[in-house]
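Participant: sequence below, structure please.
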Amino acid sequence: MRTFGKLFDRLEDVMAASAACLLLAIMLATVVKVVGRALFNHGIMGIDQVSGTMMVYVAFLGAAWVLRNEGHITIDILTSNLSERGQRIMGVVSSIVGAIACLVIAYFAVIATGLSIKRGVMVAAELEIPRALNLWVIPFGCTVLGIEFIRRAVRIQKGIVLKSEFVAAEA
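Facilitator: Down below sits the predicted model:
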């Protein structure tokens, strides 16, 4: 099981690094577009469309890594007043609910992606690309996020507290 955990962590690391590279590419493409419009009164066709698709990729590729590092926003108004046992129960329950939600979304996203492939649906925009190219990352990312929610529930139940890199950076 530890081997699975290490491999899964590496998968999440690769996904997060890919999301970071895509975010950098979005920024650079936007700069190129703005400079092109300012200097040559002409932008590059499709940059907005590709950037929008990349933003979806960034969200779904990076979400599980953020969860693993406890970087998601939490509202602890209720849980901060609970006992440690109560906080753990709420953490496990919320993680299980998160896992179920992600896996249900992944299930329906697989169906939607499969139908798009089967029907050959294309995105009607500046660049005509297969809709499945935009969709496949949703079931993939939601499945990985759902598994990470399950791993988080187990960590919370065992009392393993992971110090967030974000919290550590603030301290």
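Participant: which neighbouring elements make contact with the host helix or strand of Y107?
Facilitator: Using DSSP states H and E, Y107 sits within helix 84-119. When contacts are defined as 3 or more CB pairs under 8 Å, 6 or more residues apart in numbering; DSSP states H and E, helix 84-119 packs onto helix 131-135, helix 137-158. For glycine as for every other residue, the C-beta is placed from the backbone atoms N, C-alpha and C.
Participant: who's in contact with the longest one?
Facilitator: Helix 137-158 is touched from outside by 5, 8, 11-12, 15, 56-57, 59-61, 63-64, 67-68, 88, 91-92, 95-96, 98-103, 105-107, 109-110, 113, 161-162, with contacts defined as CB atoms under 8 Å, 6 or more residues apart in numbering.
Participant: any buried residues in that helix, and which?
Facilitator: Neighbour counts over helix 137-158 (16 or more other CB atoms under 10 Å) mark 137-153, 155-156 as buried.
Participant: now swap in the shortest one and tell me
Facilitator: Of the residues in helix 131-135, those buried under the neighbour-count criterion (16+ other CB under 10 Å) are R131, A132, N134, L135.
Participant: OK, contacts around the closest residue to the last one other than its chain neighbours?
Facilitator: Meaning L135. Counting by CB to CB, 6 or more residues apart in numbering, T113 is the residue found nearest to L135 once chain neighbours are left out, at 4.3 Å. Neighbouring residues of T113 by CB under 8 Å, 6+ apart: A132, L135, W136, I138, P139.
Participant: understood, closing this out.
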